[in-house]
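J.: Give me a model of this one.
(one chain, ligands or ions: 1)
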Amino acid sequence: MSTGNVLGKAQLGGLFFKERSIVIPTHVPGIGELRISERALRLLIMWLISSFLAMLALALVLQMINSRRAYLEDHGRETILLADATAASIRQLVRGELAAGRTPRNVSQVDLQDALLPSALDNGRHFIIVSATGEIGATVPVDPALEGRGVVDLLSSSFVTGAGLDDTRVTRLTLADGTDAHVVMRNLAPLPAVLLVFQDRADILAVWTANTAKISVLFIVTFLVLVMLGAAFHWQSSKAAEADLSLAVATARLDTALDRGHCGLWDWDIANGRIFWSKSMYDILGIEEEGEFLTFGEVAERIHPADADIDKVVDQLLQGQRGVFDQEFRMRHENDQWVWLRARAEITRAPDPLTGRLETGDPHLVGIVIDVTQQKIADKLNQEAELRLKDAIENISEAFVLWDADNKLVLCNSKYQQFHSLPASVCVPGTPYDAVASTAKEPVVRQRMKLQTPDMSEGSTFEVQLGDSRWLQINERRTKDGGFVSVGTDITALKKQEERLLQSERELMMTVRDLQKERLLAEQQSQRLADLADKYAREKTRAEAANRSKTEFLANMSHELRTPLNAIIGFSEVMQGQMFGTLGSEKYLEYAHDINRSGQFLLDVISDILDMSKIEAGRLQLELETASLAGLIEEALRIVTPRANEGGLEIISKLDAKIEAQVDKRAMKQVIINILANAVKFTPEGGSITVSVLRRAGELAIQIADTGIGIPKPDIEKLGRPFEQVENQFTKTKGGSGLGLAISKSLVELHGGALQIESHVGKGTVVRVVLPVAVAEAAKPRRRSVG
Ligand code: ADP
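T.: Numbering: from 1, shown residues only. Okay, here's the model as predicted:
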């Protein structure tokens, strides 16, 4: 572990430099990868230990086998040499004796002893002299039990009888007592005996066995030590793997936390100008990791020029003028956008590499960096929103003030300021209510009315009339956070309007009262009118009854008059014609003539009166039929022409025989005769009468124009009423009842038409019977019931 980072060691278990996982962004093995490599290493070491132990064991076994064989061979050779030397020594002894002429005696134990080399008896070697008879002579070491006994008791007979003498090799055989032994036999000729050297294999291998045991113990110890070392390593490495795993998990967690939190770790080795960054820091700036460290220059060139006073801050930190580094600055992202960062760090010292002391170590600026770009954007948006809100509140027509839950000013607009005549120094957020209230100049309140609000707990509404007769409506409401908002609205205009409305209402009420009086009056009048109408109806009924009785009287009278009148006319005609003889005097004839004319006139008048009364009584019903107007006019002309001729008048007729109309023929003929008769009557001699039928849009007209005396304008309107006459010489001379035009007018109107009269005094008169075409063409025929 490096000791290069004090804070890193202290806070993050010294993970910064070697592991590189949290803050050193070089290769970081994944947790799985880490486990696999650890396990492989562990297995490899276990395998190595096992292999080593196996190889060692194998080598030891081989070594023991080889050393055993070598040991046995060496001992064999040694035994052979000793046997040869001993045999040679004995032979020499015997030959000496023989040379001295002595009979060679049996070799005694002393001789044998003498013949032996100093180390001949090592390792349990036994030397025996066996006579030619097979009897054991001397033994060294001395074994009294064997002496005198047959060699067969010691060795197997096959060996004794068989080869074995002067053999260059030792012979392995099992002795009679079962001992596994090496045996060497040498001929002692000229002495008739043999030297037998035997050695128990157990004695031979005693040293080897002891050595082997030692080596085995050594091996076992080595084995145990190695096994323990292996186990210890295994345990250690398991622990290490667990630690690595925990470390990797913690590392990953920290990395994730840093990444998610948009945080980065910095370690700026100020003395060496090196900056170490965590992986998340590279991610924040979108740059690729290159190398372990960044130089200060690399970092500085990414810092926004306007924020490049970090050096000064660091100097202040180093000089102790500042406690912590807490700066906001911008760094250029790889995509050329500026990322807002907030760094909080402090100066720490790495342990001195020589002394390990912190005081003398290099200064490091170690800390954390947070990406605050989003917060900056949000702050900007908030600021804009706040400005907009303030602007809106400033521009409303009401006085606005907002207090927080601690009764401190949050916001007010200039209207509020003006309203209370507040200095600008008081209108700052955070000013306590009491301070504002004590400074405010409250307006003179002439009248204060509390209005009902739907929910009184939510606040209250006042209407206040000020000294300058302005009206204000003040709405006060609690805000959700326990604060208070108050809005003052100038309602002077509304109040004036209200007053006007009240005035209008008063006026309206007065008008209503007047109208009620008028209505009462009207009701009284209408009551009077109703009474009058009632009276009128009664009068009318009475008049109608009177009229009816008049008409009936007239009808009866006419009927009654016509009978004697017909007799008078008839008898006067008889007298005029002097049917029963002459009358005698001329005077009688003249009287008869006068009687006839007067009777005729009277009969005409009576007929007219009868007709008029029928029309007035509504008893005349028309019987319509299609008739040629020209035909009707010609019939009328036939009646009138004689009189016209008498008067020296010219009659001009412009008739179209095709023009037909739906008319009551008798009535229409009577109308035409009446008008023609008047024309003839009121046209002086030499005049002319023009009769024509006109067809105009929607109507037909029979026009009779004369060049007669004419009628004065004021009189025209009166004509058509019964018994109306224009006073002139003609009426005087020619007579007339004044009923002709009245009857004609009534008959034409019964046809749905109208009688039009145009006249100029002295020039002539034009009378038009105008009939509507609809009536003229589509009127249905009706029964005529006259009288
Ligand atoms: P009368 O039997 O008296 O002629 P009318 O009703 O026929 O009654 O006429 C009423 C009056 O209208 C007449 O007395 C006359 O003075 C005047 N009058 C009618 N027709 C003519 C006419 N063509 N020219 C001048 N005056 C006329």
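J.: does residue 525 sit in a helix or strand, and which one?
T.: For residue 525, the host element (DSSP states H and E) is helix 492-577.
J.: Buried residues of the strand or helix carrying residue 437, list them for me.
T.: Element membership of residue 437, judged by DSSP H and E, is helix 433-439. Residues residue 436 are the ones in helix 433-439 that count as buried (16 or more other C-beta atoms under 10 Å). Backbone N, C-alpha and C define where each C-beta goes, glycine included.
J.: Can you name the residues of the protein that neighbour the ligand?
T.: 678-679, 682, 706, 708-709, 711, 719, 725-726, 728, 731, 736-741, 765 (C-beta under 6 Å from any ligand atom).
J.: So which bits of stretch 411-422 are buried?
T.: Buried, per 16+ other C-beta under 10 Å, within stretch 411-422: 411-413, 415-417, 419-420, 422.
J.: can you give me the mean pLDDT across it?
T.: Stretch 411-422 carries an average pLDDT of 86.
J.: Please enumerate residues in contact with that stretch?
T.: With C-beta atoms under 8 Å, 6 or more residues apart in numbering as the test, stretch 411-422 has contacts from 390, 393-394, 396-402, 424, 427, 429, 436, 439-443, 472, 488.
J.: let's see 7 Å
T.: 390, 393-394, 398-402, 427, 429, 436, 439-443, 488 (C-beta atoms under 7 Å, 6 or more residues apart in numbering).
J.: now the helices: where do they sit in the stretch 351-500 of the chain?
T.: 373-395, 414-419, 433-439, 492-577 (DSSP state H, counting those that start in this stretch).
J.: so how far is the last one from its chain's centroid?
T.: Computed by C-alpha atoms, centre = their mean, to the nearest Å, the separation of helix 492-577 from the middle of its chain amounts to 78 Å.
J.: That one packs against which elements?
T.: helix 586-617 (3 or more C-beta pairs under 7 Å, 6 or more residues apart in numbering; DSSP states H and E).
J.: circling back to that earlier point, so of the helices of the stretch 351-500 of the chain, which one's packed in deepest?
T.: helix 414-419 (a mean of 18; mean count of other C-beta atoms under 10 Å).
J.: how far is that helix from where the chain is centred?
T.: Centroid separation between helix 414-419 and its chain, computed with C-alpha atoms, centre = their mean, is 40 Å.
J.: Could you list the low-pLDDT ranges of this protein?
T.: Counting by pLDDT under 70, the chain shows low-confidence ranges at 1-36, 38, 104-105, 156-167, 308, 442-458, 467, 723-724, 728-735, 774-787.
J.: Would you confirm that residue 700 belongs to a helix?
T.: No: remark: residue 700 does not belong to a helix; assigned using DSSP: H, G, I helix; E, B strand; the rest coil, it is strand.
J.: what about residue 194, is that helix, strand or coil?
T.: Judged by three-state DSSP, the three-state class of residue 194 is strand.
J.: just the one 5 residues further on next, same as before
T.: Applying three-state DSSP to residue 199 yields a three-state assignment of strand.
J.: For it, list each beta-bridge partner.
T.: residue 125, residue 182 (DSSP bridges).
J.: For the ligand, give me its nearest residue in the stretch 451-600 of the chain.
T.: Distances between the stretch 451-600 of the chain and the ligand by C-beta to the nearest ligand atom are smallest at residue 600, namely 13.9 Å.
J.: Kindly indicate which of the buried residues of stretch 411-422 lies nearest residue 265.
T.: In terms of C-beta to C-beta, no member of the buried residues of stretch 411-422 lies closer to residue 265 than residue 411, at 41.4 Å.
J.: For the closest one, give its distance to residue 378.
T.: Separation of residue 411 from residue 378 (C-beta to C-beta, to the nearest Å) stands at 20 Å.
J.: Next, the angle from the helix holding residue 525 to helix 586-617.
T.: 150 degrees (axes from the mean of the first three to the mean of the last three C-alpha atoms, to 10 degrees).
J.: Please shift the residue numbers so they start at 33 in all later answers.
T.: Happy to do that; since the first residue is 33 now, the last one works out to helix 524-609.
J.: closest point of this protein to the ligand, which residue?
T.: Counting by C-beta to the nearest ligand atom, the chain gets nearest the ligand through residue 768, at 2.2 Å.
J.: got a list of what that residue touches?
T.: Counting by C-beta under 7 Å, 6+ apart, residue 768 has contacts residue 757.
J.: And for the one 3 residues further on?
T.: Counting by C-beta under 7 Å, 6+ apart, residue 771 makes contact with 640-641, 644, 754-755.
J.: and these, which are buried?
T.: Buried among the contacts of residue 771 by 16+ other C-beta under 10 Å: 640-641, 644, 754.
J.: Residue 388: which of those is nearest?
T.: residue 754 (153.6 Å).
J.: Could you give me the buried positions within stretch 628-648?
T.: Buried, per 16+ other C-beta under 10 Å, within stretch 628-648: 628, 631, 635, 637-648.
J.: Show me how far it is from its chain's centre.
T.: 102 Å.
J.: Kindly report the same for stretch 401-412.
T.: Distance of stretch 401-412 from the chain centroid (C-alpha atoms, centre = their mean) equals 25 Å.
J.: now swap in stretch 168-179 and tell me
T.: Taking C-alpha atoms, centre = their mean, the mean C-alpha location of stretch 168-179 is offset from the chain mean by 124 Å.
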